[in-house]
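Engineer: Make a model of this:
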Amino acid sequence: RYMELYSAVYNYCTTSRPTVKSPSTAGGGGPKPNYGANFAGEELYYRLQNYLQRHMKTLCKAAETRMDDSLLNYYKKEWDRYTTALRVVNGLFQYLNRHWIKREMENDNKKEVYEVKTLSLVIWRDDLFKPLKNRITTALLVLIEKERNGEQIDTSLVKGVIDAYVNLGLNKENPDEPTLEVYKKDFSVEFLQATELYYTSESADFISKNTVCDYMKKVETRIEQETRRVRDNGYLHSSTENELVQKVEQVLIERHKDIIWQEFQMLLENDKEEDVARMYNLLSRIKDGLDPLKDILEKHVQNIGSRAINDCAKDAINDPRLYVDTTLKVHRKFKNLVQNSFKNDPGFVAALDKACRRFINDNTVTKMAKTSSKSPELLAKYCDILLKKSPKNPEERETFETLEDVMLVFKYIEDKDVFQTFYSKMLAKRLINNTSQSEYLEGHMIAYLKKNCGYEYTAKLARMFNDINISRELLENFKSSGPAKDLGGIDFSILVLATGSWPLQPPATNFTIPKELTICEQSFHKFYQHKYQGRKLNWLLQFSKGELKSKYILCNKHPIIFQCSTYQMGILLQFNEVDEITTDELATATSLTKVALSQTLATLLRTRVLLMSPPTGKITAQTKFKLNADFKSAKAKVLINVRLEPQQQEENDETHKIVEEDRKIQIQAAIVRIMKARKKLKHGNLMSEVIQQLQSHFKPKISVIKKCIDILIEKEYLERVEGEKDCYQYLA
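Structural biologist: Okay, here's the model as predicted:
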């Protein structure tokens, strides 16, 4: 049957006919003379056109009494029938498409001639769709609103009708790729307007009767529902998605953002991480929606951190572990919040960093200490606790993880030079006393500091390890040398350290080495001078230590070995000659200064190794001392080299003084570098550049920079420019 109809069309178009008048065209054109096959093609084209137009009138009349779902079902049913039929008809009229229609379309004067398929859609659009489009669009919007209200609708019906909108966007140049003109103009615009009205009403009503958290859940659900209407085999065209989502975001989020922002502080205070994440996801959809949250988070973290440190300040000022653990607890909490709820958004990471930097460098502890340098000091001491041998410390892996956390705090420290100074001094003590828990942990720590602060920051620390390794080899060589044989059975070891690499000050007192130990000093000095001619050894006896075996304690079950400093040894060895000795006699025998002697005697009295007479009161020149024959201890080795609190405080103060002096040198060096490059510079600009250069290590004070400028002017590195206010010039 199909081939019969195709052949009939072919024969009709190819049969020659005499001249006749053509039927009127759709455009109202008059009769035109045509001949042969050309006339046959035109006649067939316009007869088909007239037939389809009459059919549209019939369909349109039948649709007049239909409304809502009935109208949509009728329209979709007829559309499906019509599009199925037009595919067949288009096939039957292929000869007409390829010849007469093609020639007419190429003729610029023939604007209203289409291929049969396109002609059919044009007639449907002009003669049926246009009269019905307002009613159809309204019916579609009613159905969609029902679905938004939770009712079940026939989505295939909606999709079928909307697909018809899309297919009616005809593209004459490429009929197989329809445009979206009809869909956007006759449906999408009205659909978006209806969406705005619907959600404006719903959101205002819902947020007035429910909490903000419930409202955010509602918004999240609504956005997901609207997205599904486009995706996942939804019934809307994909081109609608961006405009639809933007419209929903504008109505549900943008218009209510102030109310949502106000809830953020409460969510933080109540640790509502899930709701915080939901708020972030919603507000990130609108322009500048997250900016207020960043400011609120920054202030909140700062307040929580300051409050946590304030609660433990009295203990934390002298307890590095408590101080750092409190800081880490706050940081971990909000770091997890930023990771989980804010997806590591750079803006919120920066807000967390700013807040931590503020409360770590300015809190109750730093105010009690009257210096912002207290934080790096306590952090360095906490690192010392972790890296020093102790039965209380966890296993190496756990310590490694804790150090990783500590380094997170380190990046917030402003006065990194203070940390460096304290850390290097404590590292020196660990290496000298062989109390490091693990060389691997020490190396990891230095590698981290090098990564974050540069090579210069850790150069001396690395050389300290190198000196220890060289000293081990040197000691082995000494023990196998001739001078070592003269030690008389004393187990002697030594460290030779380069002066410029170690933060060790020369002794503040003279000291006469006991005759029992003199042989050790002389033997090594002889060996070293023979091996390295021209080098000078400076003995740092304040860092030396040793062991003394007691033979006078008879009440103990076993002999006691005292682990003591060299100064303590110098005092205790005096009792090999006498049973009782005065302060003056000890000062003469040891050559210790009054302060050093008093401190050393205080440690021996505190550990009950010595007894004094009179037993109470201050130590005077005539105070007498003797060994405590009733000393008891369950341990075979007793550490009596304990530090007194005043000594620790003096050392801290001394370290801070060293830091201040080092800073002045660094500031002067920075000023010279800048002026050498610039030659001439205003005071304000010089200040700014100095601060910028040094802020990665410490925050220089304005008053100190001014003093350094004056010092450099006195040294003739700089001069003030005559006739120009606050301007300096570099002197070569």
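Engineer: Every contact and neighbour count from this point should use C-alpha atoms.
Structural biologist: Noted.
Engineer: so what's residue 169 up against?
Structural biologist: By C-alpha atoms under 8 Å, 6 or more residues apart in numbering, the contact set of residue 169 is 178-183.
Engineer: from those residues, which single one is nearest residue 274?
Structural biologist: Of all the contacts of residue 169, the one sitting nearest residue 274 is residue 183; the distance, using C-alpha to C-alpha, is 39.7 Å.
Engineer: name the helices or strands packed onto the helix or strand containing that closest one?
Structural biologist: When elements are assigned from DSSP states H and E, residue 183 belongs to helix 181-183. Judged by 3 or more C-alpha pairs under 8 Å, 6 or more residues apart in numbering; DSSP states H and E, helix 181-183 is in contact with helix 155-167.
Engineer: tell me how far the helix it packs on is from the chain's mean position?
Structural biologist: What separates the centre of helix 155-167 from the centre of its chain is 48 Å, taken as C-alpha atoms, centre = their mean, to the nearest Å.
Engineer: With stretch 526-542 instead?
Structural biologist: Going by C-alpha atoms, centre = their mean, the spacing between the C-alpha centre of stretch 526-542 and its chain's C-alpha centre is 51 Å.
Engineer: one step back: which outside residues touch the helix holding residue 183?
Structural biologist: 162, 165-166, 168-169.
Engineer: between those residues, which has the most around it?
Structural biologist: residue 165 (24 neighbours; other C-alpha atoms under 10 Å).
Engineer: what does stretch 246-266 rub up against?
Structural biologist: Residues outside stretch 246-266 that contact it (C-alpha under 8 Å, 6+ apart) are 192, 195-196, 199-200, 203, 212, 219, 223, 276, 279, 282-283, 285-286, 289, 292-293, 296-297, 300.
Engineer: Make a ChimeraX selection of whichever of these turn out to be buried.
Structural biologist: This is how ChimeraX selects the buried members of those, with burial counted by 16 or more other C-alpha atoms under 10 Å:
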select :192,195,196,199,200,203,212,219,223,276,279,282,283,285,289,293,296,297,300
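Engineer: quick one: which of the contacts of stretch 246-266 sit in helices?
Structural biologist: Among the contacts of stretch 246-266, the members falling in helices are 192, 195-196, 199-200, 203, 212, 219, 223, 276, 279, 282-283, 292-293, 296-297, 300 (criterion: DSSP state H).
Engineer: coming back round to it: reformat the contacts of residue 169 into a markdown table and put distance to residue 530, neighbour count and pLDDT next to each item.
Structural biologist: As requested, the contacts of residue 169 are arranged in a markdown table below (distance: C-alpha to C-alpha, whole Å; neighbours: other C-alpha atoms under 10 Å; pLDDT from 0 to 100):
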| residue | distance to residue 530 | neighbour count | pLDDT |
| --- | --- | --- | --- |
| 178 | 99 | 16 | 72 |
| 179 | 98 | 17 | 80 |
| 180 | 97 | 18 | 83 |
| 181 | 100 | 17 | 85 |
| 182 | 102 | 18 | 87 |
| 183 | 100 | 22 | 86 |
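Engineer: Out of these, which is nearest to residue 389?
Structural biologist: Taking C-alpha to C-alpha as the measure, residue 180 is the one of those closest to residue 389, at 75.9 Å.
Engineer: Taking the centroid of this protein, which residue is nearest it?
Structural biologist: What sits nearest the mean C-alpha location of the chain, by C-alpha atoms, centre = their mean, is residue 349, with 4.4 Å.
Engineer: tell me the SS of that residue?
Structural biologist: Applying DSSP: H, G, I helix; E, B strand; the rest coil to residue 349 yields a three-state assignment of helix.
Engineer: contacting residues for it?
Structural biologist: Applying C-alpha under 8 Å, 6+ apart, the residues contacting residue 349 are residue 338.
Engineer: pLDDT weak spots in the protein?
Structural biologist: Scanning the chain for pLDDT under 70 picks out 1, 9, 13-40, 101, 108-111, 172-176, 644-649, 732.
Engineer: Would you map the strands across it?
Structural biologist: With strands called from DSSP state E, the chain shows them at 20-21, 33-34, 545-549, 561-565, 580-582, 610-613, 624-627, 637-639, 680-682, 718-720, 727-730.
Engineer: Just put those strands in a markdown table and tack on mean neighbour count and distance to residue 365.
Structural biologist: Listed next are these as a markdown table, based on neighbours: other C-alpha atoms under 10 Å; distance: least, C-alpha to C-alpha, whole Å:
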| stretch | mean neighbour count | distance to residue 365 |
| --- | --- | --- |
| strand 20-21 | 14 | 107 |
| strand 33-34 | 14 | 105 |
| strand 545-549 | 15 | 35 |
| strand 561-565 | 19 | 33 |
| strand 580-582 | 17 | 43 |
| strand 610-613 | 18 | 38 |
| strand 624-627 | 19 | 41 |
| strand 637-639 | 14 | 32 |
| strand 680-682 | 17 | 38 |
| strand 718-720 | 19 | 40 |
| strand 727-730 | 20 | 40 |
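Engineer: I'd like those strands laid out as a markdown table, including distance to residue 314.
Structural biologist: Supplementary listing: the strands of the chain in a markdown table, determined by distance: least, C-alpha to C-alpha, whole Å:
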| stretch | distance to residue 314 |
| --- | --- |
| strand 20-21 | 112 |
| strand 33-34 | 110 |
| strand 545-549 | 34 |
| strand 561-565 | 32 |
| strand 580-582 | 41 |
| strand 610-613 | 34 |
| strand 624-627 | 38 |
| strand 637-639 | 29 |
| strand 680-682 | 45 |
| strand 718-720 | 47 |
| strand 727-730 | 47 |
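Engineer: between the ones you listed, which gets nearest to residue 389?
Structural biologist: Residue 389 lies closest to strand 637-639 among these, at 15.0 Å (C-alpha to C-alpha).
Engineer: So what touches that closest one?
Structural biologist: By C-alpha under 8 Å, 6+ apart, the surrounding residues in contact with strand 637-639 are 560-564.
Engineer: Centre of the chain to the lengthiest helix in the chain, how far?
Structural biologist: Counting residues, the longest helix in the chain under DSSP H turns out to be helix 645-678. The chain centre lies 32 Å from the centre of helix 645-678; the measure is C-alpha atoms, centre = their mean.
Engineer: Contacts only, for the closest residue to residue 720 other than its chain neighbours.
Structural biologist: Sequence neighbours aside, residue 728 is the residue nearest to residue 720 in space, at 4.6 Å (criterion: C-alpha to C-alpha, 6 or more residues apart in numbering). By C-alpha under 8 Å, 6+ apart, residue 728 lies in contact with 680-683, 718-721.
Engineer: re the thing from before, closest one to residue 338 out of the contacts of helix 181-183, please.
Structural biologist: For these, the minimum distance to residue 338 (C-alpha to C-alpha) is 43.5 Å, reached by residue 162.
Engineer: My guess is that closest one contacts residue 236. True?
Structural biologist: Yes - contact status for residue 162 versus residue 236: in contact at 7.0 Å, counting by C-alpha atoms under 8 Å.
Engineer: any idea how far residue 136 lies from residue 492?
Structural biologist: 104 Å (C-alpha to C-alpha, to the nearest Å).
Engineer: okay, these two: which has more neighbours?
Structural biologist: Between residue 136 and residue 492, residue 136 has the larger neighbour count (other C-alpha under 10 Å), namely 23 against 14.
Engineer: who touches that one in this structure?
Structural biologist: Shown here is residue 136, whose contacts under the criterion C-alpha under 8 Å, 6+ apart are 68, 71-72.
Engineer: hang on, the earlier thing: to residue 77, which of the strands of the chain lies closest?
Structural biologist: Nearest of the strands of the chain to residue 77, taken as C-alpha to C-alpha: strand 20-21 at 38.4 Å.
Engineer: about what we covered before: now do the helix holding residue 183: distance to the chain's middle.
Structural biologist: With C-alpha atoms, centre = their mean as the basis, helix 181-183 stands 47 Å off its chain's centre.
Engineer: same deal with stretch 576-595?
Structural biologist: Worked out by C-alpha atoms, centre = their mean, stretch 576-595 lies 61 Å from the chain centre.
Engineer: Over to that stretch now: how far is its first residue from its last?
Structural biologist: With C-alpha to C-alpha, one end of stretch 576-595 sits 24 Å from the other.
Engineer: got the contact list for it?
Structural biologist: Contact with stretch 576-595 is made by 509-514, 570-571, 574-575, 597, 619-627, as judged by C-alpha under 8 Å, 6+ apart.
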